[in-house]
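J.: Quick one: sequence and predicted model below, then my questions.
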Amino acid sequence: VQLVESGGGMVQPGGSLRLSCAASGFTFSNYDMSWVRQAPGKGPEWVSVINTGGDSTYYADSVKGRFTISRDNAKNTLYLQMNSLKPEDTALYFCARDYGRTDEYWGQGTQVTVSS
């Protein structure tokens with residue numbers, strides 16, 4: 001199993017970033033997928049989840065209306081479009097398979113820094 005995140009970086013407040021997560025080693029389309037983030041000195045915070053078919057999504061209140069999760073099962077890739085970024089969005093962002101369940105697995109993460 002491998003989950004490889006990319007697309008992080010440094011952006012000014014109000015800016016946008018699109019994260020990607022390339023999955024391999026398992027049947028991607030069989031699993032709900034999540035984004036989870038961890039800010040410096042804090043515990044993990046669940047951000048969003050998408051179901052296997054991509055037609056059901058949920059978001060943490062802190063990102064609702066600003067972030068959009070999506071997936072392309074043909075490309076085995078998960079995405080997170082992040083708009084109107086705030087300094088409090090600064091964190092290491094992980095994609096996670098089956099977050100909170102028996103088959104949970106995380107990638108290594110990609111750093112997002114929002115600063116002027």
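T.: Now that the structure is in, tell me what you want to look at. Just so it is clear, the structure is predicted and the values come from calculations on it, not from any experiment.

J.: Buried ones in whichever helix or strand Ile69 is part of, by neighbour count?
T.: Secondary structure assigned from DSSP states H and E places Ile69 in strand 67-72. Using 16 or more other Cβ atoms under 10 Å as the test for burial, strand 67-72 gives 67-69, 71. Heads up, the C-betas are built off the backbone N, CA and C, glycines and all.

J.: Also stretch 24-34?
T.: Residues of stretch 24-34 classed as buried by neighbour count (16+ other Cβ under 10 Å): 26, 28, 31-34.

J.: between the residues you listed, which is closest to Asp103?
T.: Distances from Asp103 to the buried residues of stretch 24-34, taken as Cβ to Cβ, are shortest for Tyr31 (7.1 Å).

J.: how close does that closest one get to Leu3?
T.: Tyr31 sits 11 Å away from Leu3, going by Cβ to Cβ, to the nearest Å.

J.: residues bridging contact with these two, i.e. touching both?
T.: Common neighbours of Tyr31 and Leu3, using Cβ atoms under 8 Å, 6 or more residues apart in numbering, are Arg97.
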